[in-house]
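Colleague: just the structure for this:
(one chain, ligands or ions: 2)
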Amino acid sequence: MDELIVLNNLRKVYKMGEEKIVALDNISLTIEKEEFVCLLGTSGSGKSTLLNMMAGLEKPTKGEIIIDKKHIEKMNEKQLAKFRQKNIGFVFQSYNLIPTLSALENVSLGLIFQGVPKKKREKMAKEMLNNVGLGDRLHHKPSEMSGGQQQRVSIARAFVGKPKIVFADEPTGNLDTKTTMEVMELITEMAKENKQTLIIVTHDVEISSFGHRIIYIRDGNIEKIVSQKREVG
Ligand code: ADP
Ligand code: MG
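Modeller: Numbers count the residues shown, from 1 in each chain. Ligands and ions are numbered 1, 2, ... in the order given. Below is the predicted model of the structure:
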């Protein structure tokens with residue numbers, strides 16, 4: 001067993017004035033290296049909260065998040081930022097690209113913090129944009145690209161630093177059916193090729209069927225886990 005992510009009794013409660021919202025009740029889960037997991041559930045079930053917590057973007061109220069044997073829940077902001085830079089790529093539903101920067105600049109930006117020199121950054125970003133089929137859009141700004149193209153840029157950004165884990169929160173939520181399939185194939189193929197662990201949040205049963213395992217989330221708990229046939233090799 002090659003465990004990469006271990007969650008123990010994870011709980012997240014948001015306080016809104018007097019009211020308490022239990023976003024995650026009690027989640028325990030293990031995800032293996034190179035696994036492709038889909039978190040499936042209706043809106044408000046706690047999927048994004050769970051993903052953000054695994055990605056070190058939010059702190060749990062209770063419980064443990066152990067990634068690569070390190071306790072994420074015990075890290076301070078500075079340690080977390082470093083950990084994310086080194087290990088984690090994130091794809092958002094709404095792309096979250098920087099509007100004033102070109103595709104090339106958006107993709108190479110994160111590499112600055114990894115200490116990659118300028119020439120090498122540009123080379124890596126260019127290669128990655130080529131891989132996602134945007135070799136002819138290097139100098140376009142987000143507003144000059146379609147939704148599908150913007151999501152490809154954000155995928156290139158997530159993968160360019162070769163992170164161990166890529167998280168994606170409803171990555172095709174704003175895309176049409178054809179582009180959705182293209183983007184899903186792109187993400188899954190890149191993760192497979194680079195032997196990365198992939199965790200995708202979706203409310204769409206069809207999309208979840210891409211995963212090796214589907215984790216059904218309901219009211220902040222795991223309702224059930226369904227394993228699917230996994231290609232060998
Ligand atoms: P999903 O991604 O499955 O749609 P979320 O994880 O975003 O669900 O939300 C789970 C629950 O937690 C919802 O009831 C939501 O309203 C609540 N919630 C999420 N984020 C916050 C927040 N920052 N403050 C207060 N409540 C929140
Ligand atoms: Mg969500």
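
Colleague: just the element for the residue nearest the centre of the chain, please.
Modeller: Centroid check for the chain by CA atoms, centre = their mean gives F167 as the closest residue, at 1.3 Å. Secondary structure from DSSP states H and E places F167 in strand 165-169.

Colleague: what is that strand packed up against?
Modeller: If you count contacts as 3 or more CB pairs under 8 Å, 6 or more residues apart in numbering; DSSP states H and E, strand 165-169 packs onto helix 47-54, strand 88-91, helix 147-159, helix 177-193, strand 197-202. Just so you know, the C-beta spots here come from the backbone N, C-alpha and C atoms, and that holds for glycine as well.

Colleague: out of these, nearest to M124?
Modeller: helix 147-159 (9.7 Å; CB to CB).

Colleague: still on that earlier bit, for G135, find the nearest of the helices and strands packed on strand 165-169.
Modeller: helix 147-159 (10.7 Å).

Colleague: picking up where we left off before, export the helices and strands packed on strand 165-169 to a markdown table and tack on distance to ligand 1?
Modeller: As requested, those are arranged in a markdown table below (distance: least, CB to the nearest ligand atom, whole Å):
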| stretch | distance to ligand 1 |
| --- | --- |
| helix 47-54 | 3 |
| strand 88-91 | 14 |
| helix 147-159 | 18 |
| helix 177-193 | 18 |
| strand 197-202 | 6 |
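
Colleague: take those and lay them out in a markdown table including distance to E18.
Modeller: As requested, the helices and strands packed on strand 165-169 are exported to a markdown table (distance: least, CB to CB, whole Å):
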| stretch | distance to E18 |
| --- | --- |
| helix 47-54 | 20 |
| strand 88-91 | 33 |
| helix 147-159 | 38 |
| helix 177-193 | 41 |
| strand 197-202 | 30 |
